[in-house]
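A.B. asks: 3D model of this:
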Amino acid sequence: MKLNAPFDRRSFLSVSSRAMAGSFVAGLSGFPFLKLKADHHLAGEKRIYKSVKMGMFNENIPLIEKFRLMKEMGFDGAELNSPGGVNKEEALKASRELNFPIHGVVDSIHWGTRLSDPDPEVREKGLQGLLTAIRDSHYVGGNAVLLVPGAARDPEKESHGHVWTRSIEQIRKALPTASKLGIRILIENVWNNFLYDPKGDNNQSAYLLAAYIDEINSPWVGSYFDIGNHQRFGKPAEWIRTLGSRIAKLDVKDWGVSNGFCKIGDGDVDWADVRAALHEIGYTGWATAEVSGGDRHRIKEVGERMDTYLLGL
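C.D. replies: The predicted structure is shown next:
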């Protein structure tokens, strides 16, 4: 199949089968990056460290007060946006003063300025945005950037094959900076019609996502696995088992047939099986809530739900 051809369901199933086989080969071939463990901030205290996207905490108070409150609530750190977002100098100062880590940033322009866009100039702007996010993550003491690599929503101009080839090309251009600064580029699984069949059933696997990461073949690229994002299309615990040590960080949310994206614990995610799968792969690292936010009371509730459903406390 030509990679710039429309990615129909028959092609999808064909590639999915090849990716399944390729994923098993990759797992056996001893790629060094598959042996990497997630980060170990606060090592010795907890195996999984709780965080929220700072955009969720929308109370009108100084950033340092938000950090202070989050620390009192039992959160271990925070995640910012870049380009843009909160002032990075202010964030770094608050982080150091409170000993409250900023573990990374989310590429804030990856949806609108996509690495898979048909226009090369837009792809270049997307690359520059990713490079800015890498530098900002390094500046505030983080170790990763969350990236959505593109969106396969136009079979003629931005097909599944286009997203695959164009995004990998741009990500590889960012790898020298990522490796120099020690910042990983982590691919998030989202509703972007990429690496799953949007018209498929709820029993799809993570093999295409694993194959995509394996093709880039760099220790600086991994999975930022969002637990709830693909509940509609598969079983999160099985995706965790398939991705294994490709997973460097977690986003935490829930989804249900009857209520869509919802509070953690109110959807259809099998949290007991998720906990079991994370234990099986030996996951240690950051877990960041990405749900509807609010004031300090709402953020506290989010943390409590993470304790109950993700950590099983």
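A.B. asks: tell me which residues touch residue 70, please.
C.D. replies: Residue 70 sits next to 52, 57, 78, 100, 299 when contact means CB atoms under 8 Å, 6 or more residues apart in numbering. Every C-beta, even on glycine, is put in place using the N, C-alpha and C of the backbone.
A.B. asks: helix, strand or coil for it?
C.D. replies: Assigned by DSSP: H, G, I helix; E, B strand; the rest coil, the conformation of residue 70 is helix.
A.B. asks: pLDDT wise, what is it at?
C.D. replies: pLDDT, residue 70: 98.
A.B. asks: just the helices from the stretch 1-150 of the chain, written as ranges.
C.D. replies: Ranges of helices within the stretch 1-150 of the chain are 9-28, 63-73, 88-98, 120-139, based on DSSP state H, counting those that start in this stretch.
A.B. asks: do the stretch 151-300 of the chain as well
C.D. replies: According to DSSP H, counting those that start in this stretch, the helices that the stretch 151-300 of the chain contains are 160-181, 207-216, 236-243, 271-280, 296-305.
A.B. asks: look up the closest residue to residue 261, ignoring the ones flanking it.
C.D. replies: Nearest non-adjacent residue to residue 261, counting by CB to CB, 6 or more residues apart in numbering: residue 255, 5.3 Å away.
A.B. asks: relative to residue 226, how far out is that neighbour?
C.D. replies: Remark: distance between residue 255 and residue 226 (CB to CB, to the nearest Å) = 10 Å.
A.B. asks: what stretches of the protein score poorly on pLDDT?
C.D. replies: 1-46 (pLDDT under 70).
A.B. asks: before we move on, the earlier item: hey, what's in contact with both of residue 255 and residue 226?
C.D. replies: Contacts common to residue 255 and residue 226, judged by CB under 8 Å, 6+ apart, are absent.
A.B. asks: please list all residues in contact with residue 108.
C.D. replies: Residues near residue 108 by CB under 8 Å, 6+ apart: 81-85, 129, 133.
A.B. asks: which of those ranks first by neighbour count?
C.D. replies: Among the contacts of residue 108, residue 133 has the most neighbours (other CB atoms under 10 Å), with 31 neighbours.
A.B. asks: quickly note the distance from that one to residue 263.
C.D. replies: Applying CB to CB, the value for residue 133 to residue 263 is 29 Å.
A.B. asks: skip the chain neighbours and tell me the closest residue to the residue nearest the centre of the chain.
C.D. replies: A centroid search over the chain (CA atoms, centre = their mean) returns residue 224, at 2.7 Å, as the residue closest to the centre. Residue nearest to residue 224 in three dimensions, not counting chain neighbours: residue 186, with 3.6 Å by CB to CB, 6+ apart.
A.B. asks: thinking the one you found is in contact with residue 249, fair?
C.D. replies: Yes: applying CB atoms under 8 Å, one finds residue 186 in contact with residue 249, separated by 5.8 Å.
A.B. asks: so what sits against both of the two?
C.D. replies: Residues touching both residue 186 and residue 249 (CB under 8 Å, 6+ apart) are 104, 144, 146, 224.
A.B. asks: out of these, which is most surrounded?
C.D. replies: Highest neighbour count within the shared contacts of residue 186 and residue 249, by other CB under 10 Å: residue 104, with 32 neighbours.
A.B. asks: is it true that that residue touches residue 139?
C.D. replies: No: contact criterion CB under 8 Å: residue 104 and residue 139 do not qualify, at 11.5 Å.
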